[in-house]
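Novice: What follows is a predicted structure for the sequence shown.
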Amino acid sequence: MSPLPLPPVAAPYQLPFHYGALHTIGLDHLVDPEPVRAVLAEHHPALTAAEFDGRALVSLNYQLYFAQYPSGGGITQEIEVNIVAHPAAAADRLPQVSYAQYAQGYDQTKLLGIARVHVLCDNPLAIDAGRALYAEPKYPGCFQVSVPSPNGPAGDVWDIDCHAADLAPDGGVRRRGDALFSLAADLDGLPFATADSTPVTGYGTEPGGRTLAGPMNVHHPYRWFDLAGPGARGRARLTVHDGGGEVGRDLVRLIGDTPAAGAWTFQSPPVAAHHRPYYLA
């Protein structure tokens with residue numbers, strides 16, 4: 001068998017794409033595998049849903065990131081709705097791991113990856129790049145957030161509202177209508193494990209049906225919170241506000257009222273600080 005060619009890098013982009021800073025939270029839901037298999041077959045027919053003790057894994061993650069370009073800088077927010085899956089042809093190469101082991105990076109084959117079902121994003125350039133480079137099902141979304149920050153009050157509380165949006169004539173993203181869904185997590189005081197779980201393999205399926213895999217490296221460990229542990233139940237929630245839209249229907253179908261089994265976060269450390277001034281006299 002001859003080696004496969006690499007997927008082309010669409011102009012004007014170049015790879016790898018470097019993040020200047022990343023702030024992210026993910027919520028993992030262990031759910032009934034039957035609806036997951038059906039949705040996965042609609043979006044990624046070459047993939048099979050992973051199972052952990054008979055449950056499939058649906059993972060939502062919010063990202064706020066900064067990137068620096070020759071012409072300046074850009075800030076992007078997005079939410080991915082993902083099914084943890086693997087190539088159907090590689091099932092015999094998978095290690096047997098529990099959900100907690102997977103979340104902490106035990107699978108070093110990286111065949112267990114995220115099959116993207118919906119990606120909502122507030123940056124038109126990132127929408128186009130995600131589609132062109134990684135075959136992401138990426139489209140406009142807007143966000144209202146309250147997240148932990150070194151420039152805000154102490155705490156580890158995350159609230160993210162995702163709203164429908166359109167590409168605007170001025171080249172931006174314009175909010176349309178009410179919230180689609182919300183993520184919330186109060187992780188204050190909860191114990192966590194240091195999880196060296198990257199690279200994360202992201203799966204996409206091109207319009208012609210060909211599947212590609214793109215790894216993302218985060219160069220520092222995540223923090224993983226076991227939300228099934230003592231005192232952690234009910235500390236995170238997903239709320240679907242618009243059950244009639246495509247993303248809302250899929251969230252209800254895939255997750256419903258199943259509580260999150262785990263949460264994971266990463267926040268880039270500050271690289272500089274401007275301190276309080278003082279009087280000379």
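Specialist: Sure, I can see it.
Novice: separation between residue 83 and residue 202?
Specialist: 12 Å (C-beta to C-beta, to the nearest Å). Where C-beta positions appear, they are placed from N, C-alpha and C, glycine not excepted.
Novice: Which strands and helices lie in contact with the lowest-mean-pLDDT helix or strand in the chain?
Specialist: Sorting the helices and strands of the chain by mean pLDDT, DSSP states H and E puts strand 173-186 at the bottom, at a mean of 94. Under the contact criterion of 3 or more C-beta pairs under 8 Å, 6 or more residues apart in numbering; DSSP states H and E, strand 173-186 touches strand 21-31, strand 138-146, strand 157-167, strand 236-240, helix 246-254.
Novice: So residue 196 versus residue 227, what's the distance?
Specialist: Separation of residue 196 from residue 227 (C-beta to C-beta): 20 Å.
Novice: Over to residue 146?
Specialist: Counting by C-beta to C-beta, the gap from residue 146 to residue 227 is 20 Å.
Novice: try residue 73
Specialist: Using C-beta to C-beta, one gets 35 Å for the distance from residue 73 to residue 227.
Novice: More neighbours: which of the two?
Specialist: Using other C-beta atoms under 10 Å as the criterion, residue 73 and residue 227 rank with residue 227 on top: 22 against 9.
Novice: Pretty sure that one sits against residue 263.
Specialist: Yes: using C-beta atoms under 8 Å, residue 227 is in contact with residue 263, at 5.9 Å.
Novice: Where do the helices of this protein begin and end?
Specialist: Using DSSP state H, the helices of the chain run over 33-43, 99-103, 124-134, 246-254.
Novice: Against which helices or strands is the longest strand belonging to the chain packed?
Specialist: Longest strand in the chain, counting residues (DSSP state E): strand 72-87. For strand 72-87, the contact count by 3+ C-beta pairs under 8 Å, 6+ apart identifies helix 33-43, strand 47-49, strand 56-69, strand 113-121, helix 124-134, strand 138-146, helix 246-254 as packing neighbours.
Novice: which one of the ones you listed lies closest to residue 181?
Specialist: helix 246-254 (5.9 Å; C-beta to C-beta).
Novice: Now do the closest one: distance to the chain's middle.
Specialist: Here helix 246-254 is found 16 Å from its chain centre; the criterion is C-alpha atoms, centre = their mean, to the nearest Å.
Novice: Okay, now the unreliable bits of this structure?
Specialist: Applying pLDDT under 70 to the chain flags residues 1.
Novice: Look up which residues are beta-bridged to the spatially most central residue of the chain.
Specialist: Residue closest to the average C-alpha location in the chain (C-alpha atoms, centre = their mean): residue 61, at 3.2 Å. Beta bridges link residue 61 to residue 26, residue 80 when assigned by DSSP bridges.
Novice: Might one say that it is in contact with residue 82?
Specialist: Yes: using C-beta under 8 Å, residue 61 makes contact with residue 82 at a distance of 7.2 Å.
Novice: more crowded one of residue 83 and residue 202?
Specialist: Remark: of residue 83 and residue 202, residue 83 carries more neighbours, 27 against 21, as counted by other C-beta under 10 Å.
Novice: Identify the spatial nearest neighbour of the more buried one, chain neighbours not counted.
Specialist: Closest residue in space to residue 83, ignoring its immediate chain neighbours: residue 115 at 4.7 Å, by C-beta to C-beta, 6 or more residues apart in numbering.
Novice: Give me the neighbour count for the one you found.
Specialist: A count of nearby residues for residue 115, using other C-beta under 10 Å, gives 27.
Novice: Repeat that for residue 165.
Specialist: By the criterion of other C-beta under 10 Å, residue 165 has 21 neighbours.
Novice: Who does it form a beta bridge with?
Specialist: As for beta bridges, residue 165 partners with residue 175 under DSSP bridges.
Novice: What distance do you get for residue 159 to residue 183?
Specialist: Per C-beta to C-beta, residue 159 is found 8 Å from residue 183.
Novice: More neighbours: those two, which one.
Specialist: When neighbours are counted by other C-beta under 10 Å, residue 159 and residue 183 differ, and residue 183 comes out ahead with 23 against 13.
Novice: who touches the closest residue to the more buried one other than its chain neighbours in this structure?
Specialist: Closest residue to residue 183 apart from its sequence neighbours, by C-beta to C-beta, 6+ apart: residue 160 at 4.6 Å. Residue 160 is in contact with 25, 62, 79, 143-145, 147, 182-184, counting by C-beta atoms under 8 Å, 6 or more residues apart in numbering.
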